[in-house]
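Q: the sequence isn't on hand, but the structure is:
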């Protein structure tokens with residue numbers, strides 16, 4: 001009961017904070033960066049280890065430069081997410097733009113569905129919020145539920161402001177079946193770590209053996225829906241561009257794990273272009 005009360009108080013203050021203009025929130029983000037990096041050192045050992053193993057060709061000076069940029073970006077993402085409850089459609093359209101949206105709209109026009117995939121790169125939450133407003137079909141975003149029920153309900157209310165539907169990972173297939181008679185887009189952030197005892201496939205990703213989820217590939221093979229990769233770029237502070245690239249248009253013609261391999265090839269390319277904007281604080285390689 002006490003935990004719920006404090007959760008509601010926290011949500012109230014986050015809402016009040018969200019009323020501030022994003023440039024003001026970015027100022028707070030920069031203030032947050034200094035204690036986050038220099039004093040608290042939030043998961044600093046994890047970030048450093050992930051970067052060193054992912055980029056063995058870079059010297060320590062380059063690694064530390066990427067690391068510092070990452071923490072500045074992470075602080076920005078926190079406050080950009082805080083802004084989500086009150087951001088207007090107009091501002092969202094200005095801050096997140098989509099290239100080649102017509103590639104998926106062509107399928108929706110024919111009454112067909114598609115699958116989309118990306119990673120935790122850039123501000124994935126803001127981009128998904130913008131997608132709900134930009135695309136004509138309903139987007140079903142596959143996600144891992146939070147442990148705090150109050151924050152879970154509040155966060156999902158924010159995420160679905162412009163038409164998205166969030167589906168718990170284990171309910172994916174059931175929702176695919178339930179919506180098979182209308183055009184939809186199921187979106188996967190497939191760079192999460194699977195539960196150890198459920199790991200079915202390991203591949204090479206950023207110079208490391210990496211256990212990966214196979215949910216996207218399984219749904220693709222069952223439905224033969226075309227798959228598009230959302231290539232996110234951080235244009236400048238608070239602004240993102242999402243290029244919609246075909247990853248696999250006929251999944252049933254692929255070999256085993258070819259779709260998953262392709263996804264991580266695309267994601268690797270995105271990360272290597274600008275490494276600082278991926279979620280390095282995630283314990284991605286706690287086992288392989």
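A: Thanks, I have the structure now. Not measured: the values here are computed from a predicted model. Numbers count the residues shown, from 1 in each chain.

Q: residue ranges of the strands in the stretch 101-250 of the chain, please?
A: 114-118, 138-143, 165-168, 184-189, 202-205, 208-211, 227-236, 239-248 (DSSP state E, counting those that start in this stretch).

Q: next, find the distance separating the closest residue to residue 52 other than its chain neighbours from residue 76.
A: Nearest residue to residue 52, sequence neighbours excluded (CB to CB, 6 or more residues apart in numbering): residue 63, at 6.0 Å. Yep, even glycine has a C-beta here, placed from its N, CA and C like the rest. Noted for residue 63: a distance of 20 Å to residue 76, by CB to CB, to the nearest Å.

Q: more neighbours, the two?
A: residue 76 (23 against 18; other CB atoms under 10 Å).

Q: how about the strand or helix carrying the more buried one: buried residues?
A: Using DSSP states H and E, residue 76 sits within helix 60-83. By neighbour count with 16 or more other CB atoms under 10 Å, helix 60-83 contains the buried residues 63, 66-67, 70-77, 79-83.

Q: in terms of secondary structure, what does the lowest-mean-pLDDT helix or strand in the chain contact?
A: Scoring the helices and strands of the chain by mean pLDDT, DSSP states H and E places helix 2-18 at the bottom, with a mean of 82. Helix 2-18 is packed against helix 60-83, helix 149-159, with contacts defined by 3 or more CB pairs under 8 Å, 6 or more residues apart in numbering; DSSP states H and E.

Q: quick one: it to helix 149-159, angle?
A: With axes from the mean of the first three to the mean of the last three CA atoms, to 10 degrees as the basis, helix 2-18 and helix 149-159 are set at 30 degrees to each other.

Q: buried residues of helix 2-18, list them for me.
A: 7, 11, 14, 17-18.
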